[in-house]
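In: need a 3D model of the following:
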Amino acid sequence: MKVADVLTILVLLVSCNHSNGTSSDFHLCTNDKHPYYYPSLEYKGGFYEVKEHFFKGYEEIKGKDNTGIIRIKFQVNCKGETGNFEVETYSLSYKKMNLNKNIVEQFVRLTKCLDNWIPAIDDNGGNVDSYKFFAFKIIDGKLQEILPK
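Out: Next comes the predicted model:
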């Protein structure tokens, strides 16, 4: 592993302010439930920044059993903070399966590092809690695609 790669991993580990998905520091602003697509939740810099974050931050782990989909769902409160992360892994035919633990942990860590969320706004113009999910398509340990776009 190159020195630059080690430094990148260390920066990611140190820069993330989330220790886990159920941190006692994370609180929702209300108990209102909204679908993931409304009200609209955005990330500063848009999907381009999100995509760059994952493609640059992910360290490929090669192997024949490293193919599948990782779905990470999480909540973003009215302050733009994230928490309550849920992870599921699937085969490419969408059957539940286990994927390489190191790959899954990388994507969870990278997702928790996204800290420029712009809170969703309701019809009255107020910030509200929302949630987001990403699905990462991995083939032979290589990141192929991120959904939803």
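In: let me see the mean pLDDT of stretch 29-46.
Out: The average pLDDT for stretch 29-46 rounds to 81.
In: can you give the distance of that stretch from its chain's centre?
Out: 14 Å (C-alpha atoms, centre = their mean, to the nearest Å).
In: buried sites along that stretch?
Out: 39, 41-43 (16 or more other C-beta atoms under 10 Å). Any C-beta I mention is one placed from the backbone N, CA and C, and that applies to glycine too.
In: now do the same end-to-end measure for it.
Out: The first residue of stretch 29-46 is 24 Å away from its last residue (C-alpha to C-alpha, to the nearest Å).
In: in this protein, which spans are helices?
Out: Using DSSP state H, the helices found in the chain span residues 3-15, 46-57, 101-113.
In: other SSEs contacting the second one?
Out: Using 3 or more C-beta pairs under 8 Å, 6 or more residues apart in numbering; DSSP states H and E as the contact test, the elements touching helix 46-57 are helix 101-113, strand 142-147.
In: in its sheet, what does the last one sit against?
Out: Taking DSSP bridges as the criterion, strand 142-147 sits next to strand 130-139 (antiparallel) in its sheet.
In: what are the buried residues along the strand it pairs with?
Out: For strand 130-139, the neighbour count (16+ other C-beta under 10 Å) marks 130-132, 134-138 as buried.
In: put the alpha carbons of that strand into CSV.
Out: C-alpha atoms of strand 130-139 as CSV (Å, rounded to 0.1, in the frame of the first residue of the first chain):
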residue,chain,number,x,y,z
SER,A,130,-35.6,13.1,6.1
TYR,A,131,-33.8,10.0,5.1
LYS,A,132,-31.6,8.8,2.3
PHE,A,133,-30.3,5.6,0.9
PHE,A,134,-27.5,4.6,-1.4
ALA,A,135,-27.0,1.3,-3.2
PHE,A,136,-23.5,0.5,-4.3
LYS,A,137,-23.0,-2.0,-7.1
ILE,A,138,-19.7,-3.9,-6.6
ILE,A,139,-18.3,-6.4,-9.2
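In: all set, thanks.
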